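S.K.: predicted model follows, preceded by the sequence.
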Amino acid sequence: MGEAKRRKTRQGETYGQETRILRWVPITKAQSELFVSWTTRGAWIGIILMVVGWATIRFIGPAFGWWQVVF
């Protein structure tokens, strides 16, 4: 008997299914990696938007005379 057949008989119904992080949490490891990649991407987008907003308020707006920065 090969290793794959032994594994299949030992795991039963769960054979071939993705493993969960915790038994009682219905989230697989692949889903958790996807969540981490999306939140990392979202954080970088937020940082970039914050820097663009800061540069607009601090430098671009006053340069075009839209407003004056008060010190």
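M.R.: Received the coordinates, thanks.
S.K.: next one: phi and psi at Thr28?
M.R.: Backbone torsions of Thr28, given as degrees, to the nearest 10, read phi -90, psi 170.
S.K.: ok, now which ones touch it?
M.R.: Applying C-beta atoms under 8 Å, 6 or more residues apart in numbering, one finds that Thr28 lies in contact with 18-21. (Glycine included, C-beta is placed from N, CA and C.)
S.K.: and it, how far from Arg10?
M.R.: Thr28 sits 20 Å away from Arg10, going by C-beta to C-beta, to the nearest Å.
S.K.: before we move on, back to that, most neighbours of all the contacts of Thr28, which one?
M.R.: With neighbours taken as other C-beta atoms under 10 Å, the top of the contacts of Thr28 is Arg20, carrying 15 neighbours.
S.K.: who does that residue form a beta bridge with?
M.R.: Residues in a beta bridge with Arg20, per DSSP bridges, are Thr28.
S.K.: quick check: it touching Pro26?
M.R.: Yes - with contact defined as C-beta atoms under 8 Å, Arg20 reaches Pro26; the gap is 6.9 Å.
S.K.: separation between Gly61 and Gln68?
M.R.: From Gly61 to Gln68 the distance is 9 Å (C-beta to C-beta).
S.K.: what about these two, which has more around it?
M.R.: Applying other C-beta under 10 Å to Gly61 and Gln68 shows that Gly61 carries more neighbours, namely 14 against 8.
S.K.: what about that one, helix or strand, and which?
M.R.: For Gly61, the host element (DSSP states H and E) is helix 61-63.
S.K.: for the record, mean pLDDT for that helix?
M.R.: The average of the pLDDT scores along helix 61-63 is 94.
S.K.: and if you look at stretch 36-56?
M.R.: Across stretch 36-56, the average pLDDT comes to 97.
S.K.: now that stretch, how far from the centre of its chain.
M.R.: Centre-to-centre, stretch 36-56 and its host chain are 13 Å apart (C-alpha atoms, centre = their mean, to the nearest Å).
S.K.: now the helices for the chain?
M.R.: Under the criterion DSSP state H, the chain carries helices at the ranges 3-11, 29-55, 61-63.
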